[in-house]
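Trainee: A structural model of the following input is requested.
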Amino acid sequence: MIRVADEIRVALDEGRAVVALETTLVSHGFPHPDGVLVARASEDAVRASGAVPATVGIVDGEIRIGLTSDEIDRFGAEADHVRKCGPRDIAACVAQGVRGATTVGATVTICRAAGIAVMATGGLGGVHREFPEPPDVSADLPALASCPVITVSAGIKSLLDVAATAEMLETLGVPVIGWRTDTVPLFYARGGGPPVSARVTLPADVARIARIHWDLGGGAVLLVRPPDRSLEDIAALTDAAVASARAAGVTGPDVTPAVLRILNEKTEGRTSAVNRELIVANAALAGEVAVALAGVRDSAS
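Mentor: Predicted coordinates:
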């Protein structure tokens with residue numbers, strides 16, 4: 001059911017640094033071929049940090065950890081035939097032989113099964129605006145609570161109810177660690193979110209927090225990294241884009257890609273450019289953290 005690429009299997013067996021990368025951004029986050037280019041740049045960034053990249057997806061009835069370049073191409077080029085796969089969808093995609101692009105929640109669930117301790121993404125899903133009508137909360141949140149995986153993101157997607165999502169993470173016992181920041185980034189913007197639970201400046205600090213959290217039986221540690229290029233004027237446009245998507249009857253997992261498309265059009269590509277940059281930067285940081293975590297494991301053994 002799970003096929004792990006040889007390079008990744010060897011790295012895991014030897015206790016070396018591995019970083020998982022999701023595939024929803026390839027199929028549903030960008031127009032083709034941008035998603036494929038971002039995926040490849042993310043893999044390169046992980047390698048440059050000293051870790052092994054493990055891009056995750058479901059292909060031909062198998063969970064594949066370590067997609068080939070051709071497989072990643074197909075996730076982008078044939079996006080209309082790729083299911084957006086959350087934790088609930090993994091078993092169905094495998095059983096029915098459907099190609100599935102994994103979300104954050106699905107990716108960390110697969111990481112738990114495979115023994116991968118670090119993953120990187122763009123922005124985290126969470127509590128949608130106007131909750132409980134609609135009663136929409138991303139499956140990313142309970143998945144993080146149950147999976148011991150350091151998850152590196154640019155904070156919480158700004159199209160969500162960020163404050164409510166932060167409260168939910170606290171309730172679920174997920175530490176939100178700020179990478180050289182005291183507040184949760186708002187995906188496209190560096191500041192404006194709620195306070196983080198702790199601030200760190202070194203990858204080793206993240207690794208130590210994670211090991212203690214896991215020794216106490218905890219799940220994920222969310223590491224939030226502000227984008228290098230910040231769009232401070234994005235809030236009003238995001239509000240309008242969310243309202244437009246809702247008015248068009250868009251619901252559930254289709255909301256995020258719809259809003260991203262609207263924002264990209266309204267900003268003449270600025271949001272998409274920032275999105276690409278932050279994803280690759282998150283992957284690079286995740287690689288550094290994975291290397292530090294491998295060092296913590298070595299010193300503990």
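
Trainee: Setting aside sequence neighbours, what's the nearest residue to residue 119?
Mentor: Take residue 119 and drop its neighbours on the chain: the residue closest to it by C-beta to C-beta, 6 or more residues apart in numbering is residue 20, 3.9 Å away. Any C-beta I mention is one placed from the backbone N, CA and C, and that applies to glycine too.

Trainee: what about that neighbour, distance to residue 118?
Mentor: Residue 20 sits 7 Å away from residue 118, going by C-beta to C-beta, to the nearest Å.

Trainee: more crowded one of these two?
Mentor: residue 118 (31 against 28; other C-beta atoms under 10 Å).

Trainee: Could you pull up the contacting residues of the more buried one?
Mentor: When the contact criterion is C-beta atoms under 8 Å, 6 or more residues apart in numbering, the partners of residue 118 are 17-20, 51, 149-152, 286, 289-290, 293.

Trainee: Okay, and the beta partners of it?
Mentor: Counting by DSSP bridges, residue 118 is bridged to residue 150.

Trainee: Could I get the full set of helices for this structure?
Mentor: In the chain, helices defined by DSSP state H lie at 6-13, 24, 34-48, 69-77, 90-96, 104-114, 140-146, 162-171, 203-215, 235-247, 255-266, 270-300, listed in chain order.

Trainee: between residue 20 and residue 118, what contacts are shared?
Mentor: Looking at what touches both residue 20 and residue 118 (by C-beta under 8 Å, 6+ apart), the common residues are residue 149.

Trainee: and the gap between the residue nearest to residue 26 when sequence neighbours are not counted and residue 8?
Mentor: On the basis of C-beta to C-beta, 6+ apart, the spatially nearest residue to residue 26 that is not a chain neighbour turns out to be residue 35, at 3.9 Å. From residue 35 over to residue 8 the distance is 21 Å, taken as C-beta to C-beta.

Trainee: of the two, who's got more company?
Mentor: Between residue 35 and residue 8, counted using other C-beta under 10 Å, residue 35 has the larger neighbour count: 25 against 20.

Trainee: Could I get the contacting residues of that one?
Mentor: 25, 26, 27, 28, 29, 75, 76, 79.

Trainee: how far out from the middle of the chain is stretch 149-169?
Mentor: Between the centre of stretch 149-169 and the centre of its chain there are 11 Å (C-alpha atoms, centre = their mean, to the nearest Å).

Trainee: and if you look at stretch 263-277?
Mentor: Centroid separation between stretch 263-277 and its chain, computed with C-alpha atoms, centre = their mean, is 18 Å.

Trainee: And that stretch, end to end?
Mentor: Using C-alpha to C-alpha, to the nearest Å, the gap from the first to the last residue of stretch 263-277 comes to 16 Å.

Trainee: Can you point out the buried residues in that stretch?
Mentor: By neighbour count with 16 or more other C-beta atoms under 10 Å, stretch 263-277 contains the buried residues 263, 264, 266, 267, 270, 271, 272, 274, 275, 276, 277.
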